[in-house]
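1. need coordinates for the following:
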Amino acid sequence: MITVFGTGTGAPPGPEELADAELVVGGRRHLDAVRLPATAERIVLGPLAPALDVVGTYVAEDRRVVVLASGDPGFFGIVRALAERFGPELLDVRPGVSSVAAAFARLGLTWDDAVVVSAHGRDPRTAVNVCRAHPKVAVLTGPGAGPAELGAALRQSARVLVVASALGDPLRERVERVSPAEAAERDWGTAVSVVLCLDESRPLGPARTLAGGAARPAGWALAEDDFAHRDSMITKFEVRALALARLGPRPGDLVWDVGSGSGSVAVECARLGAAVAAVEKAPDGVERIRANAGAHGVYVDVVHGMAPGALDGLDDPDAVFVGGGGRELPDIVGVCARRARRTVVVAMAALDRVPAARAALVGAGYDVDGVLLQSSRLAPLPGDVTRLAATNPVFLLWGVRTPVSSEGVAQ
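-> Residues are numbered from 1 along each chain as shown. The predicted structure follows:
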């Protein structure tokens, strides 16, 4: 049997709970915080695989193993690795208070509406984009993905970072509220337990039934009437439906909506959990995008400027929708294609611009496809009858970046 104790933000196990342990595994601070049996072998956790090999020899001999971990070890913790290696039936998990729960408790905040993301040993871009998209986020940090790195990436956002360090330690615990810019300028050391990223301008939401971030929408490709727009200058829902399918927006992604207009594509991507930057050159369009985002309860970073120049200061996106551009369209598509990680989708009413846009995608190494969308909607006629009313045809072009293997050969 392997007994897993969660410590750190709660009381460590007492001597009686460790009395018959023959092997005790944990971080150095966890081992130092408890009184171990004199006969017990101990392993200070570093690389996980060698420690699991030793645990395996004890389990095979039916000898008792104790693992000490932080907080709730079943929440982004060691329980996953132990269960995968030895099976959950061999685990006796005794959770402590997670660092996330403790940090929100210190602030007197509920966290059933928070999104929790781990940046420990993972690409920090995902955590950054989740922080951009959601008003209440807890980030589990790690080397190279701590408060300073988060602060640097979020420097331009209206967020507050709450850095909780050494939670559960009565002498060293600190909970500090700082701006992203302030966080970026400090050396936070190794005691950081969790970072909360809060948009305090957004009001406390209603009581929840489903924990986590905002529930994913039941539908998308919303009707044009669901958005404020000017003179029907809006991506029609039929086009939006296919564009969203090709963009594939999801939590942790960053999507650009270039030539955003009313922001309908930007808002729909944000409703699906992605962080979104909407680039729009018209001042009234900028205000319209913000109003539409607010009406749908999502956040969109609106950039007032003309592409491609306005794209220079933005972080590289996972996916891009280009809905406007005029004569600059080939240059815009080229810039977007060079910087996008996954896909670029371009909507064009003018057929003349299709070859140049396609050439820009192909030249950047994308697999390219497209379709001419023509739809006719039901429209009433006098006498309680119905006709088909044609919408303007739109050419939708998309490029998908060809995956590259670890040897650098296209798959």
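
2. now the helices for this protein?
-> 15-18, 28-32, 48-60, 79-86, 99-107, 124-133, 147-153, 180-184, 237-247, 264-271, 283-295, 329-339, 354-363 (DSSP state H).

3. and the third one, how far from the chain's centre?
-> This points to helix 48-60. How far helix 48-60 lies from its chain's middle: 34 Å, per CA atoms, centre = their mean, to the nearest Å.

4. what of the shortest one?
-> Helix 15-18 has its average C-alpha position 41 Å from the chain's average C-alpha position, going by CA atoms, centre = their mean.

5. in it, what's buried?
-> Buried residues in helix 15-18, counting neighbours by 16 or more other CB atoms under 10 Å, are found at Leu18. Quick note: C-beta positions are derived from backbone N, CA and C, even for glycine.

6. quick one: contacts for Asp92?
-> Contact partners of Asp92, counting by CB atoms under 8 Å, 6 or more residues apart in numbering, are Met1, Ile2, Thr3, Val4.

7. biggest separation within those residues, which pair?
-> Farthest pair in the contacts of Asp92 (CB to CB) is Met1 and Val4. Separation: 10.3 Å.

8. so the two - more neighbours on which side?
-> Val4 (23 against 13; other CB atoms under 10 Å).

9. any idea how far apart the tips of stretch 128-147 sit?
-> 11 Å (CA to CA, to the nearest Å).

10. pLDDT of it, averaged?
-> Mean per-residue pLDDT for stretch 128-147: 94.

11. now do stretch 239-257
-> 96.

12. straight-line length of it, end to end?
-> Termini of stretch 239-257 sit 14 Å apart (CA to CA).

13. so which bits of it are buried?
-> For stretch 239-257, by 16+ other CB under 10 Å, it's 239-244, 246-249, 251-257.

14. which pLDDT value belongs to Leu45?
-> Reading off the model, Leu45 has pLDDT 89.

15. isn't it right up against Arg29?
-> No. Look at Leu45 against Arg29 with CB atoms under 8 Å: they stay out of range, at 10.5 Å.

16. which residues of the stretch 101-250 of the chain score low on pLDDT?
-> Applying pLDDT under 70 to the stretch 101-250 of the chain flags the ranges 204-205, 214-215.

17. just the stretch 301-411 of the chain next, same as before
-> For the stretch 301-411 of the chain, the ranges with pLDDT under 70 are 404-411.

18. please redo it, this time with the cut-off set to 90
-> 324-327, 351, 383, 390-392, 402-411 (pLDDT under 90).

19. hmm, back to that, who touches both of Met1 and Val4?
-> Contacts common to Met1 and Val4, judged by CB under 8 Å, 6+ apart, are Leu91, Asp92.

20. can you map out the strands along the stretch 201-350 of the chain?
-> 254-258, 275-280, 301-304, 319-322, 343-348 (DSSP state E, counting those that start in this stretch).

21. nearest to Ala207, of those?
-> Of all those, strand 275-280 comes closest under CB to CB, at 26.4 Å.

22. returning to that earlier point: mind putting the strands of the stretch 201-350 of the chain in a markdown table, distance to Val66 included?
-> Shown next, in a markdown table, are these (distance: least, CB to CB, whole Å):
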| stretch | distance to Val66 |
| --- | --- |
| strand 254-258 | 43 |
| strand 275-280 | 41 |
| strand 301-304 | 48 |
| strand 319-322 | 46 |
| strand 343-348 | 48 |
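
23. Ala21: which of these is closest?
-> The nearest among the strands of the stretch 201-350 of the chain, by CB to CB, is strand 275-280 at 45.6 Å.

24. list the helices and strands that closest one packs on?
-> For strand 275-280, the elements it packs on are helix 124-133, strand 254-258, helix 264-271, helix 283-295, strand 301-304, judged by 3 or more CB pairs under 8 Å, 6 or more residues apart in numbering; DSSP states H and E.

25. let's see that with 6 Å instead.
-> The helices and strands touching strand 275-280, judged by 3 or more CB pairs under 6 Å, 6 or more residues apart in numbering; DSSP states H and E, are helix 124-133, strand 254-258, helix 264-271, strand 301-304.

26. for the record, mean pLDDT for it?
-> Rounded mean pLDDT across strand 275-280 is 97.

27. what angle sits between that strand and helix 264-271?
-> If you take axes from the mean of the first three to the mean of the last three CA atoms, to 10 degrees, strand 275-280 sits at 170 degrees to helix 264-271.

28. got the angle for strand 275-280 vs strand 254-258?
-> Going by the same axes, to 10 degrees, strand 275-280 makes 10 degrees with strand 254-258.

29. chain center to strand 275-280: distance?
-> With CA atoms, centre = their mean, you get 16 Å for strand 275-280.

30. in its sheet, what does it sit against?
-> strand 254-258 (parallel), strand 301-304 (parallel) (DSSP bridges).

31. next, count neighbours for Arg377.
-> 13.

32. that should have said Ala223, apologies.
-> Neighbours around Ala223, by other CB under 10 Å: 9.

33. with adjacent residues omitted, what lies nearest to it?
-> Take Ala223 and drop its neighbours on the chain: the residue closest to it by CB to CB, 6 or more residues apart in numbering is Phe237, 5.9 Å away.

34. cool, and Pro393?
-> Gln374 (4.5 Å).

35. now for the most centrally placed residue in the chain: which residues touch it?
-> Centroid check for the chain by CA atoms, centre = their mean gives Gly252 as the closest residue, at 2.3 Å. Gly252 makes contact with Thr126, Asn129, Val130, according to CB atoms under 6 Å, 6 or more residues apart in numbering.

36. state the distance from it to Val345.
-> In this structure, Gly252 and Val345 are 19 Å apart, going by CB to CB, to the nearest Å.

37. same deal with Ala291?
-> Counting by CB to CB - Ala291 and Val345 are separated by 24 Å.

38. looking at these two, which has the bigger crowd around it?
-> Comparing Ala291 with Val345 by neighbour count (other CB under 10 Å), the higher total belongs to Val345, at 28 against 14.

39. ok, what's across the strand from the more buried one?
-> Under the criterion used (DSSP bridges), Val345 bridges to Phe321, Trp398.

40. gap between it and Ala245?
-> On the measure of CB to CB, Val345 and Ala245 end up 9 Å apart.

41. what of Gly77?
-> Counting by CB to CB - Gly77 and Ala245 are separated by 36 Å.

42. ok, how many other residues are close to Arg339?
-> 17.

43. that one: what's it in contact with?
-> Applying CB under 6 Å, 6+ apart, the residues contacting Arg339 are Asp316.
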